[in-house]
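Engineer: Provided below are the primary sequence and the corresponding predicted coordinates.
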Amino acid sequence: MEFNQKELAKLPAPAKVQRIPDPTHPALYIQINPSGSKSWYFVYRLGGRGSKQQWMKVGDFMESTGKSIIMPLNRAQELARAYRTKVDAGTDPKRELEAAAVVGTTIADLCQKFENEVLVKKSQSTQDGYGGSIKLWIKPGLGKVQVRELTRDQVTIWHSRIPYPVAANRALSCLRRMLNLAIDVWDMRPDQINVARKVERNEEEPRKRDVERSELLALGDALRALEGSHSLWALAAVKVVALCFGRVSEVLGLKRGGCVLDAKMGGYSILKQHKNIKKEGIRRLEIPPEACRIMLALPRLEDNPYYFPGRIRNRPLTRDGLHKTWMAVREKAGLAEADIVIHDFRSLAESEGEEQGISETTRATMMGHSAATARRHYTKSRKVAEAAAMISAPIAAALNGKPKRKK
């Protein structure tokens, strides 16, 4: 066979991959695949015979259909000569091309790559968390900036302009994670510097607030008043979150067949995926009798295994969907301006448990936390509040000119 363009185009598809060297350019090979497609490869070594042989794709000679030539022989030979010159000068042509391809990669491109290659392998709650930061803050604020040109000053200004301190910190963590991959895995930053790493985070105060008794009554009235005008599954989810001490993601992820429910004795669900799975392992979520009764009364949506189904087939109600219902409940209850979130029901459960004399270890297990975490974030002893009131009473009386008489 003569090594020319006409003869190469006639080569049939082999049973297995076939590689033929160009006799006039020994470093150039044509690879014929079983599919019928043909591609050019440049073969080289950096560092002499003892170094690893590199196969670098130069381009496609012909489509598998065999109807059109994409890169002719003379162009492939021209590129092979140029690459040979770079190799002789000690430059890796493959690395050089990869770096050039990265020049135009923006933060928006990085976000897309992160979602397609990394997030898809994570749990739904992780996808929602990172995805929300990407959609709401990272793409709008930094999307057009090239990855290799992003500076620490740009990240600092972007972080400071996000109006919600906690959301800003979550978005910063997401950006830091993506830049780590851009450096360590995808070679998108030649300087190897993660410019999000030393940006100062906003201070976050642990939230320590209970749902008050009067608020509970108002929320109960609102839930009953909204029946028929809002999704019965979303309203039920609000009630179950309030009753079973679980995180929102844990409650929304409850599946039929994955829960043991008893309207009299209460039930449970074994959680194999949750926030603290690495530290705490598989967790048992307790479902009290009243929550069991609510869940057992819910109609099943066809082709959806979740107790609280969402609009997408085979998917649960989303956090955003539940949040919309929760905001409607708050407004109906006259608490639209109150500093209250649905997560505060977990705080209420901790305080109620402490008041009723339930041990710290039991309360921590119920909440899915270590005892130290539960103590730091949730414990707000009502006994301390009562003691403060008792101590301040005589002081207040004295300030008001009515000192308490000693008996």
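Structural biologist: Yes, it's here.

Engineer: contacts, neighbours, all on C-alpha from now
Structural biologist: Will do.

Engineer: just for this structure, where's the confidence low?
Structural biologist: 64-67, 99-104, 206-209, 272-281, 350, 360, 363-407 (pLDDT under 70).

Engineer: in the longest helix anywhere in it, what counts as buried?
Structural biologist: Secondary structure of the chain per DSSP state H: the longest helix is helix 165-184. Neighbour-count burial for helix 165-184 flags 165, 167-183 (criterion: 16 or more other Cα atoms under 10 Å).

Engineer: Likewise for stretch 137-156?
Structural biologist: Under 16+ other Cα under 10 Å, the buried positions of stretch 137-156 are 137-139, 141-143, 145-150, 152, 155-156.

Engineer: can I get the CA coordinates of it in CSV?
Structural biologist: Only the C-alpha atoms of stretch 137-156 are listed here, as CSV (Å, rounded to 0.1, in the frame of the first residue of the first chain):
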residue,chain,number,x,y,z
TRP,A,137,-24.2,33.9,43.3
ILE,A,138,-21.2,32.4,41.5
LYS,A,139,-22.4,32.5,37.8
PRO,A,140,-24.1,35.9,38.1
GLY,A,141,-21.1,37.5,40.0
LEU,A,142,-18.1,35.8,38.4
GLY,A,143,-19.3,33.8,35.5
LYS,A,144,-17.6,35.9,32.7
VAL,A,145,-14.2,36.0,34.4
GLN,A,146,-11.6,33.6,33.0
VAL,A,147,-10.4,30.9,35.5
ARG,A,148,-6.8,31.7,35.0
GLU,A,149,-7.3,35.4,35.4
LEU,A,150,-9.4,35.4,38.6
THR,A,151,-7.8,37.3,41.4
ARG,A,152,-8.2,37.3,45.2
ASP,A,153,-9.4,40.9,45.1
GLN,A,154,-12.2,40.0,42.7
VAL,A,155,-13.3,37.1,45.0
THR,A,156,-13.2,39.3,48.1
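
Engineer: residue ranges of the strands in the stretch 101-250 of the chain, please?
Structural biologist: In order along the chain, the stretch 101-250 of the chain carries no strands (DSSP state E, counting those that start in this stretch).

Engineer: now the helices: where do they sit in it?
Structural biologist: 107-117, 124-133, 139-142, 152-161, 165-184, 213-225, 232-244, 248-252 (DSSP state H, counting those that start in this stretch).

Engineer: now the ones you listed as CSV including distance to Phe345?
Structural biologist: Listed next are those as CSV, based on distance: least, Cα to Cα, whole Å:
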stretch, distance to Phe345
helix 107-117, 32
helix 124-133, 20
helix 139-142, 33
helix 152-161, 30
helix 165-184, 19
helix 213-225, 10
helix 232-244, 5
helix 248-252, 10
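
Engineer: Just tell me which of the ones you listed ends up closest to Lys324.
Structural biologist: helix 232-244 (9.2 Å; Cα to Cα).

Engineer: which stretch among the helices of the stretch 101-250 of the chain comes nearest Gly48?
Structural biologist: Among the helices of the stretch 101-250 of the chain, helix 165-184 sits nearest to Gly48 (Cα to Cα), with 27.3 Å.

Engineer: which outside residues touch that closest one?
Structural biologist: With Cα atoms under 8 Å, 6 or more residues apart in numbering as the test, helix 165-184 has contacts from 110-111, 114, 130, 133-134, 137-138, 159-160, 162, 188-190, 192-197, 201-204.

Engineer: Give me the buried entries from those.
Structural biologist: The buried subset of the contacts of helix 165-184 - by 16+ other Cα under 10 Å - is 110-111, 114, 130, 133-134, 137-138, 159, 162, 188-189, 194-197, 201.

Engineer: related to what we said a few turns ago, now the longest helix of the chain - C-alpha only, CSV.
Structural biologist: Taking C-alpha atoms only, helix 165-184 is exported to CSV below (Å, rounded to 0.1, in the frame of the first residue of the first chain):
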residue,chain,number,x,y,z
PRO,A,165,-23.6,36.5,55.3
VAL,A,166,-24.3,32.7,55.6
ALA,A,167,-25.1,32.4,51.9
ALA,A,168,-21.9,34.3,51.0
ASN,A,169,-19.9,31.8,53.0
ARG,A,170,-21.5,28.8,51.4
ALA,A,171,-20.9,30.3,48.0
LEU,A,172,-17.3,31.0,48.9
SER,A,173,-16.8,27.4,50.0
CYS,A,174,-18.3,26.1,46.7
LEU,A,175,-16.0,28.4,44.7
ARG,A,176,-13.0,27.2,46.7
ARG,A,177,-13.9,23.6,46.0
MET,A,178,-14.2,24.2,42.3
LEU,A,179,-10.9,26.1,42.1
ASN,A,180,-9.1,23.2,43.9
LEU,A,181,-10.3,20.9,41.2
ALA,A,182,-9.4,23.5,38.5
ILE,A,183,-5.8,23.4,39.9
ASP,A,184,-5.2,19.8,41.0
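
Engineer: Any figure for the gap between the residue nearest to Arg197 when sequence neighbours are not counted and Ile183?
Structural biologist: Closest residue to Arg197 apart from its sequence neighbours, by Cα to Cα, 6 or more residues apart in numbering: Arg176 at 6.2 Å. Going from Arg176 to Ile183 by Cα to Cα, to the nearest Å gives 11 Å.

Engineer: helices or strands up against whatever helix or strand Glu354 lives in?
Structural biologist: Per DSSP states H and E: Glu354 is located in helix 344-355. Secondary-structure packing of helix 344-355 (3 or more Cα pairs under 8 Å, 6 or more residues apart in numbering; DSSP states H and E): helix 232-244, helix 360-367, helix 382-399.

Engineer: now the angle between helix 213-225 and that helix, please.
Structural biologist: 130 degrees (axes from the mean of the first three to the mean of the last three Cα atoms, to 10 degrees).

Engineer: Any idea how far helix 344-355 is from the middle of the chain?
Structural biologist: On the basis of Cα atoms, centre = their mean, to the nearest Å, helix 344-355 sits 28 Å off its chain's mean C-alpha point.

Engineer: List the buried residues in that helix.
Structural biologist: Buried, per 16+ other Cα under 10 Å, within helix 344-355: 344-354.

Engineer: same thing with stretch 107-117?
Structural biologist: Buried, per 16+ other Cα under 10 Å, within stretch 107-117: 107-111, 114-115.

Engineer: Using PDB, list the CA coordinates for it.
Structural biologist: Extracted C-alpha coordinates of stretch 107-117, given in PDB (Å, rounded to 0.1, in the frame of the first residue of the first chain):
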ATOM      1  CA  ILE A 107     -15.900  30.500  35.800                       C
ATOM      2  CA  ALA A 108     -19.200  29.700  34.200                       C
ATOM      3  CA  ASP A 109     -17.500  26.900  32.200                       C
ATOM      4  CA  LEU A 110     -15.900  25.700  35.400                       C
ATOM      5  CA  CYS A 111     -19.300  25.600  37.100                       C
ATOM      6  CA  GLN A 112     -20.700  23.600  34.200                       C
ATOM      7  CA  LYS A 113     -17.800  21.100  34.300                       C
ATOM      8  CA  PHE A 114     -18.100  20.800  38.100                       C
ATOM      9  CA  GLU A 115     -21.900  20.100  37.900                       C
ATOM     10  CA  ASN A 116     -21.500  17.600  35.100                       C
ATOM     11  CA  GLU A 117     -18.500  15.600  36.400                       C
END
